[in-house]
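# Quick check, what structure comes out for this input:
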Amino acid sequence: MSEAPQLPRAARAFVSFVALLRTNGFAIAPEQTTAFLQAIELLGPRGPDDIRQAGLATLAPPPSAAPPTTCCSEIHFLGGR
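I've put the predicted structure just below:
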């Protein structure tokens with residue numbers, strides 16, 4: 001029996017961010033996770049705002065969910081500032 005492929009080390013933080021959002025009640029499809037990773041790859045990312053923008057564009061939270069998404073992003077990637 002072969003092992004499941006491992007995520008590249010650089011992608012783990014982004015995939016665990018999606019898991020954090022799911023844990024906090026956000027419905028995110030696997031295709032959205034893939035789009036999120038592709039957007040990050042296209043953007044660089046050069047900084048935390050690029051990651052936030054990629055998330056807002058691909059994980060498609062409704063406008064009312066943008067503040068909690070941003071809060072989760074800051075906690076996950078910046079340690080809560």
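# okay, CA-based contacts and neighbour counts for the rest of this
Fine.
# so where is this protein shaky, pLDDT-wise?
Low-confidence segments of the chain, defined by pLDDT under 70, are located at 1-5, 60-69, 80-81.
# can you map out the helices along it?
For the chain, the helices defined by DSSP state H occupy 9-23, 30-43, 48-58, 66-78.
# Packing partners of the third one?
Counting contacts by 3 or more C-alpha pairs under 8 Å, 6 or more residues apart in numbering; DSSP states H and E, the secondary-structure elements packed against helix 48-58 are helix 30-43, helix 66-78.
# Among the helices of the chain, show me which one is buried the most.
Comparing the helices of the chain by mean neighbour count (mean count of other C-alpha atoms under 10 Å), helix 48-58 comes out on top with a mean of 18.
# rewinding a little: out of the helices and strands packed on helix 48-58, nearest to A13?
helix 66-78 (8.0 Å; C-alpha to C-alpha).
# re the thing from before, using a markdown table, lay out the helices and strands packed on helix 48-58 together with distance to L7.
A markdown table is the format used below for those (distance: least, C-alpha to C-alpha, whole Å):
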| stretch | distance to L7 |
| --- | --- |
| helix 30-43 | 11 |
| helix 66-78 | 18 |
